[in-house]
Structure formats: C-alpha cells, structure tokens
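# Next one to model:
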Amino acid sequence: VAFDSNCGQNGLQDAGTIAFCDPAGAYPSDGHNFWSDLTVREFFKTAWKRLARELRSRHKIALLEILPEPLDSRDTTWADDVRDFYRDVIASIRTVDKRTPFLIGPRDAYNVTLADEAFLSERSDVVYTGNILTDRTTNHATLPSNIKTLTDMRATRSVPIFIQQVGRLTVDDPSLNSMH
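Residues are numbered from 1 along each chain as shown. The predicted model follows:
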C-alpha cells in the first residue's frame, strides 16, 4: 500500500505543483511539503495511522510505502531530513500496526544511486528500494549498475530490497535490450 502526496514529497516539482501546493507563496525556497510544514506532516501521520488501522487486519498487505519518491532534485543536505521523516512516520504508524513492514527509499525521487542514504540502522522492519532507471531517460545502460547498487546494499547491510520501476515504453527501447 502506498500513500502518495505530490505536495508532501516536495512541492517544487514544476510551476503547476508549486502553485497548487503553495498558492500564497509562503514557502518559496523549500516548497510546501512535509519538511517545511510540520502541521501538514502531523496530518499525514494521522491519515497514515487511520489507513494502517483499517488495513492491519487484512490479509496480503505486503508493505506500507510511507511516501514514494521524496524530495526530487534535492542535494545531500536533505538526507538526514528524509531519514528523520521516515523515523517519525514509522513511529506513528507503529502505534496502530506493529507488524506490517515498510518500503522506503532515498531522496531525489528514489534515486537508486543514493539508496544507502535511506538506511535506518535501528529498524529490521524496512525494505529498501530505488528507481532502477534513475536518470529518467531512455539510458538503459545504467540498468545493471543500478540493480547492483541495491543488491550490494542487500549484501552489505543484510536488508531486504525491492527492485521497481524498470519499465519503459517499447518506443524508448526499440531494440528491446532492456526488456530482455
């Protein structure tokens, strides 16, 4: 189960998102998101607790994806903030659901090359992920090294990983090399 918020994850993706998330222009530098507005983060945590409460007795819920692809295009200074956000939201969800594992990934929209940034050493209930085609282009040459980044994290940290977002339109891969 994923719970997504374009405003919450960044708020600065494009002009339309900026206008929608921050119509008054109160957050011009960092965007109106879960890092710049802790009141909105509290609302998000409340909503997650409600969702987790509803889902905890249902079978076949594999993972709770806290917030897909946080802080697109943000630099390394945000890495600690992303980890602290995950810790905060996970602690809140754990008050109502003690067992369902979490799926989390790094800043810069799950940039797989930054996967280790999301590592929470104190948690054994987290599965780590990253977008395998991080460059958001049709450069399929990055696929093997990006998969290796996650499998290396699995081996080094002894953590489970989830490989996702490998798909592209066949017109972007006419030779079908990546598909094969």
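# Using CSV, write out the CA atom coordinates for the strand or helix carrying residue 81.
Assigned by DSSP states H and E, residue 81 belongs to helix 79-93. The C-alpha coordinates for helix 79-93 follow below in CSV (Å, rounded to 0.1, in the frame of the first residue of the first chain):
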residue,chain,number,x,y,z
ALA,A,79,19.5,13.1,3.5
ASP,A,80,19.2,13.3,7.3
ASP,A,81,15.8,15.0,7.0
VAL,A,82,14.5,12.2,4.9
ARG,A,83,15.7,9.5,7.4
ASP,A,84,14.2,11.6,10.3
PHE,A,85,10.9,11.9,8.4
TYR,A,86,10.8,8.1,7.9
ARG,A,87,11.5,7.5,11.6
ASP,A,88,8.8,10.0,12.7
VAL,A,89,6.1,8.5,10.4
ILE,A,90,7.1,4.9,11.1
ALA,A,91,6.9,5.5,14.9
SER,A,92,3.4,7.0,14.4
ILE,A,93,2.2,4.0,12.3
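# can you give me the angle the longest strand belonging to the chain makes with helix 79-93?
Using DSSP state E, we find that the single longest strand of the chain is strand 126-131. Strand 126-131 runs at 130 degrees relative to helix 79-93, counting by axes from the mean of the first three to the mean of the last three CA atoms, to 10 degrees.
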